[in-house]
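>>> show me the folded form of this:
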Amino acid sequence: MKYSSLLSGLTALALASVAYAADRTAAIYIQPVSQSPSAPVPLAEIRYDTISPATESEVISYEAPELPDETKLVRIGVYNPSAKQWASSTSVASVENFSKGYSPTLMLSLDRKGDVFSAALRGVRIDAGQTRDFGPQAVVLVTEPGKQPELNKPIVLSPEGKNVVPEEKSFLQKYWWLIGIVVLMTMTGGGGGEQGK
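Numbering: from 1, shown residues only. Just a heads-up that it's a prediction; the model follows:
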């Protein structure tokens, strides 16, 4: 009896650690694009599930950015404050995405291991009559392997090393056997017999 309870306890611990390891968070930073750039500041924190990231993502925290009036563009990405460098590729967005009547949608692109390699922002126009969810949304995209070329047929080269192009056959070369059948049936076909005796 003790062995079964020990085994069930270890199983529960293993399942809990797998469930905990599946959840990850990504801190999204924003930086105004200007002549004298300032340090990136936190914009949002997104939690996503590495097992099913497309369905299990949410914005944990979001701080509306306070940008100078002359700012037209902002840089969005994952920033490492301790190393003082961007940890992902960044995207540039207009400050109009934060205007009244728009809901910011943060998009994360993940690699096959679940690490963020790109972050972007898009303002989605909201209609107060259709939705009551005006807060920021999170969209997580996972990269898929691209289509591979089909390598079934070997390339035939001539003795000179050039690609051999098969010659196009004429109508007679393609359908000689059908013409032969029609001629044979016409010659061997029975006649109408004697007419008018």
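
>>> can you classify the closest residue to residue 123 other than its chain neighbours by secondary structure?
In this structure, residue 123 finds its nearest non-sequential neighbour in residue 97, 3.2 Å apart by CB to CB, 6 or more residues apart in numbering. Every residue, glycine included, has its C-beta placed from N, CA and C. Here residue 97 is recorded as helix under DSSP: H, G, I helix; E, B strand; the rest coil.

>>> which stretches of this structure form helices?
Counting by DSSP state H, the chain has helices at residues 2-22, 171-188.

>>> before we move on, back to that, let me know whether the residue nearest to residue 123 touches residue 104 as I believe.
Yes: taking contacts as CB atoms under 8 Å, residue 97 lies within contact range of residue 104: 5.9 Å.

>>> overlap in contacts of the two?
Taking CB atoms under 8 Å, 6 or more residues apart in numbering as the criterion, residue 97 and residue 104 both touch 121-123.

>>> just among the residues you listed, which is most surrounded?
In terms of neighbours by other CB atoms under 10 Å, the shared contacts of residue 97 and residue 104 top out with residue 121 at 23 neighbours.

>>> any idea how far residue 50 is from residue 140?
For residue 50, the distance to residue 140 equals 10 Å [CB to CB, to the nearest Å].

>>> ok, those two, which is more surrounded?
Set residue 50 next to residue 140 and count neighbours by other CB under 10 Å: residue 140 wins out with 23 against 16.

>>> residue closest to the middle of this protein?
For the chain, the residue nearest the mean C-alpha position is residue 143 (4.9 Å; CA atoms, centre = their mean).

>>> what about the residue nearest to that one when sequence neighbours are not counted, neighbour count?
Using CB to CB, 6+ apart and skipping residues adjacent in sequence, the residue nearest residue 143 is residue 111, 5.8 Å away. Counted with other CB under 10 Å, residues neighbouring residue 111 total 11.
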